[in-house]
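[1] have a look at this prediction, sequence included:
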Amino acid sequence: MGKRKITALILFVFLGIAAENLFSQSRDFVKFETAKVQFRKGMEHYNKMHYLAAVEFFRKAIAIYPDYFSARDYLVRSYKLSGFVDPAMLELKVLNDMFPDNVLAASRLESLQFRDSLMEEQGSLATLVYNNTLHSYRMKRFNFTQPVDIAVDNEKNIYITSFPGGKLVKINANGQGEFTRTPSLDGRLYGLDYRNGKIAVADFKNDMIFLYNTKGAIESKIGKSGNDGGEFHGPEGVCFSPEGHLYVADSGNHRVQKFDSRNSFLYSFGTKGTYEGELDNPNDMVCHGNRVYVTDTNNHRIACFDDSGNFIENILADQLEVPRGISSAGDILLIADEKKGLLKYNTVSGEMNWFYAWESENNGNREDNKFARLMSSIVDRDGLLYCLDFDRQAVDVFSPLQKKYANLDVEIVSVDVSRFPIVAFYINVRDRSGNPLYALDKNNFTIVEDNAPITQIQTNYLKKKAVSVSTVLCVDRSEQNRGNRNELAWLADFYLKKMRKNDSVRVMNFNSTYWEGSPFDWSRRRTLKAVKEGEYGEGKNMGTALYNAVTDLIPRLNRRAVIMITDGMVAENSFTQYSARTIVQYARSHFIPIYIISVKEPDQSLAMIARDTGGAVVRPAQMDTLRRLYDEVKQSEEYRYVLIYSTFKMPSFRGWWSDVKLEVDYKGIKGVEYGGYFVPER
């Protein structure tokens, strides 16, 4: 064969291979573009928070183009946000196998597996890692000379009492001073505590308790000098109970006094002495369950009473020297001993651990890495421990080891581009255990869009909104509950009569089916009419009722809750379509509590749903709890974040997919999420 023929043959083969590759690439391109159409439809549903509808379109996109990473990624997110954790984990495993170098997918899988194991991080305070120190001398006019007590509110603001100056100092989550308050010129402020927007502060010298709001205004006062009920002699520690009652360590009178939520004196317990039930200079107390633990300072022990003031036992008498402040974190009591440091005592197991020194990367001086005179400690709901040192005039902050080195879980639940070029990302931020991280601000977030940093971000959209409540009231219309029909409106009215015009409630009825009784409305009269008029029939499809109730509430930008009124019984098919576990995962994904008002003792599945979603079971006889139910929902915290910014993209980019990277950094604990949006066509 001549050289020309050989050359021609080689060229023919090469062109054939090239043509085949071009055809293959063209075919893949067509498949990808076809899949992209389905992906875009899925994103439209996802951003409307219709997650189950989004699942179908993402699955179609993957069927057309199996290597479509974004479609698989958003399929996982849709399953997760719709409460179906098992399919989410299966898809994550596929994603990991297909894209083994994607670290974020592996992290998500590990996080989901950890949460799904329902492990409780008991003993999470066993190993603490130094985070940072807040020094009084660096705070200028917000200094806290010789501090004695500390509290942290829901926005992670720190409150500190400075004894010699009689000063209350507020410092925000970023370490900046907010205000100082001196209620009297000759005062000596000692103990303080926070609950539901209220701060109680004890004036040791003037024998008085001041009740502040979080803006620093005094709302009320309690007490005067003396030894009768409601009178004090050197009050020190103060403590709110979960019900809003206030306990005061009346140290000079060697007793503890209890006041109701209206500041009225109820009773006192304790008298000077060393015997059981007697106290000598009680310094502080904490409510834990139905018990009150008191630091019996001069008796070097902790005295335990029930919440009616009856003595139960003395504990830790051979462990403590000078116990001062006391607080709790889960089952752990945190006792500040000014001579020995911090004692962590497990009330269930009896295990004890002392903590008094730590390693610090920023400071090699060992003398600055231990407590000099520890007065108080408190754990916030993110698990950070704050320790107040009197001699060093400092607040040392520590993280549990698991939280320090575990990334935050950041999830995009929706993107709104209806006001393009304004873009709004709705996100949730959680720790490794799935608990929400609250009180973040713009300094904690970084947004990068198509490799370009966004410099102006707004994060206070939800905070600016007037607090209101949206509720779905699920009414059991089964034949079994027919006998309770005359009680339904009475039970609902405890909640309804507290509603305001900016609130809304929707009545949904269920038996074998699920139907609307009344749309979202603020009217108590119309709602009560709908509760009274529902028809009864066979069936008890509770799973569908609860799942759809959560779905109704997800897009609403206010405080939200589901309330089910039922006899407490379940049927064989109550949770066939949506299991109790799915409902819990769904509600927890969106921070929506479920309350069960149950005429009879509820089935265990209903009790579990209420407990694990942050709600509660309420019985008709618990009228005080029924009366507080609306307040509990309205005063609940807002955990969602809306990140709003103006994009640099022009409308001419219509149809363009913009990649967005979100990063969260809070006290060295970090999280990252990738997502994006299509530039709208119009």
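    Ah, there it is. Numbers count the residues shown, from 1 in each chain.

[2] low-confidence regions, the protein specifically.
    Along the chain, segments meeting pLDDT under 70 span 1-27, 102-126, 361-368, 401-406, 433.

[3] how's it carved up into domains?
    3-116, 128-404, 409-464+639-678, 469-634 (automatic domain parsing).

[4] mind putting those into JSON lines with mean neighbour count?
    For the C-beta atoms, the positions are set from N, CA and C on the backbone; glycine is no exception. Formatted as JSON lines, the domains of the chain follow (neighbours: other CB atoms under 10 Å):
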{"stretch": "domain 3-116", "mean neighbour count": "16"}
{"stretch": "domain 128-404", "mean neighbour count": "19"}
{"stretch": "domain 409-464+639-678", "mean neighbour count": "17"}
{"stretch": "domain 469-634", "mean neighbour count": "19"}
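
[5] chain neighbours aside, what residue packs nearest to the residue nearest in space to the middle of the chain?
    Centroid-nearest residue in the chain: Pro436, 3.7 Å away (criterion: CA atoms, centre = their mean). In space, and not counting its chain neighbours, Pro436 is closest to Tyr639: 3.7 Å by CB to CB, 6 or more residues apart in numbering.

[6] then Ala249?
    Gly237 is the one closest to Ala249 (CB to CB, 6+ apart), at 4.0 Å.

[7] torsion angles phi and psi at that neighbour?
    Backbone torsions of Gly237, given as degrees, to the nearest 10, read phi -80, psi 150.

[8] which residues does Gly675 contact?
    412, 415, 425, 660, 662 (CB atoms under 8 Å, 6 or more residues apart in numbering).

[9] how about the CA coordinates for the helix or strand containing it, as CSV?
    Assigned by DSSP states H and E, Gly675 belongs to strand 669-678. As requested, the backbone C-alpha atoms of strand 669-678 are provided in CSV (Å, rounded to 0.1, in the frame of the first residue of the first chain):
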residue,chain,number,x,y,z
ILE,A,669,-17.1,27.3,64.3
LYS,A,670,-17.8,27.4,60.5
GLY,A,671,-20.2,26.1,57.9
VAL,A,672,-20.5,26.4,54.2
GLU,A,673,-23.3,25.8,51.6
TYR,A,674,-23.4,26.0,47.9
GLY,A,675,-26.4,26.9,45.9
GLY,A,676,-27.7,29.4,43.3
TYR,A,677,-30.5,30.7,41.3
PHE,A,678,-31.6,31.3,37.7
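
[10] neighbouring strands for that strand, and are they parallel or not?
    Strand 669-678 pairs in its sheet with strand 657-666 (antiparallel), by DSSP bridges.

[11] isn't there a strand covering Ala489?
    No. Counting by DSSP: H, G, I helix; E, B strand; the rest coil, Ala489 is located in no strand; its state is helix.

[12] correct me, but it touches Ala530?
    No. The criterion here is CB atoms under 8 Å, and Ala489 misses it with Ala530 at 9.5 Å.

[13] isn't the residue nearest to Pro436 up against Gly434?
    No. Tyr639 lies out of contact with Gly434 (CB under 8 Å); the separation is 11.5 Å.

[14] in the stretch 251-400 of the chain, which spans are strands?
    255-259, 265-269, 282-288, 291-296, 301-306, 311-315, 323-329, 332-337, 341-346, 352-355, 374-379, 385-389, 394-400 (DSSP state E, counting those that start in this stretch).

[15] now distance to Ile454 too, for these, in CSV please.
    Listed next are those as CSV, based on distance: least, CB to CB, whole Å:
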stretch, distance to Ile454
strand 255-259, 50
strand 265-269, 54
strand 282-288, 44
strand 291-296, 48
strand 301-306, 51
strand 311-315, 54
strand 323-329, 37
strand 332-337, 40
strand 341-346, 42
strand 352-355, 41
strand 374-379, 34
strand 385-389, 32
strand 394-400, 28
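
[16] specify the stretch among the ones you listed that is closest to Trp522.
    strand 255-259 (34.8 Å; CB to CB).
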